[in-house]
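Asker: what follows is a predicted protein model with its sequence.
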Amino acid sequence: MKKIISTKEAPAAVGPYSQAVRVGSTIYCAGQIPLDPKSGQMVPGDIGAQTRRVLENIAAVLRAESLGFENIVKTTIFLTNLSDFQTVNEIYGSYFKKEPPARSTVQVPALPKGANVEIEVIAVANDNGLSGEIAADTSG
């Protein structure tokens, strides 16, 4: 059974999609762009300001399910200019203190509303037996 997740602490969907959907212990978050949740407008500023806003929007969606960045297992970052990667990577890294998730980063020709960055995440609630252990290659 799927549960639709919605919070006023993150920007409203700008199309026919949900902010996030939960199926069992897995939460699939729609891509977030740097929209101010109150005004629905793009935040002013450089790629750093945009990246912070995106990550704060993700945090708000996760909080709606009492989750945080430690629950994220996969992210996808979309950039309109791959030369912004270093700045985005530094800010992104500050949100993942340990055991960062798997990640893909791709350059795209354009993003909604003229955004320069969009990030989508998949998170897992801790009720599924995950212990935060780090896998090691034991093949020998």
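Answerer: Right, received. Where do you want to start?
Asker: neighbours of the closest residue to residue 1 other than its chain neighbours, how many?
Answerer: Leaving aside its chain neighbours, residue 1 sits nearest to residue 23 (7.6 Å; criterion: CB to CB, 6 or more residues apart in numbering). Glycine gets a C-beta too; all of them are placed from N, C-alpha and C. Residues near residue 23, counting by other CB atoms under 10 Å, number 10.
Asker: helices of this protein, residue ranges please.
Answerer: Taking DSSP state H as the criterion, the chain contains helices spanning 47-63, 85-95.
Asker: average pLDDT for the first one, rounded please.
Answerer: In this case it means helix 47-63. Average pLDDT, helix 47-63: 98.
Asker: over to stretch 111-127?
Answerer: If you average the pLDDT values across stretch 111-127, you get 94.
Asker: distance from it to the middle of the chain?
Answerer: Distance of stretch 111-127 from its chain centroid, counting by CA atoms, centre = their mean, to the nearest Å, is 3 Å.
Asker: what about the chain, any weak spots by pLDDT?
Answerer: Filtered on pLDDT under 70, the chain yields the residue ranges 127-140.
Asker: how are the strands of it distributed by residue range?
Answerer: Using DSSP state E, the strands of the chain run over 2-5, 20-23, 26-32, 72-79, 102-107, 117-124.
Asker: could these go into JSON lines alongside distance to residue 47?
Answerer: Shown next, in JSON lines, are these (distance: least, CB to CB, whole Å):
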{"stretch": "strand 2-5", "distance to residue 47": "27"}
{"stretch": "strand 20-23", "distance to residue 47": "24"}
{"stretch": "strand 26-32", "distance to residue 47": "15"}
{"stretch": "strand 72-79", "distance to residue 47": "8"}
{"stretch": "strand 102-107", "distance to residue 47": "13"}
{"stretch": "strand 117-124", "distance to residue 47": "6"}
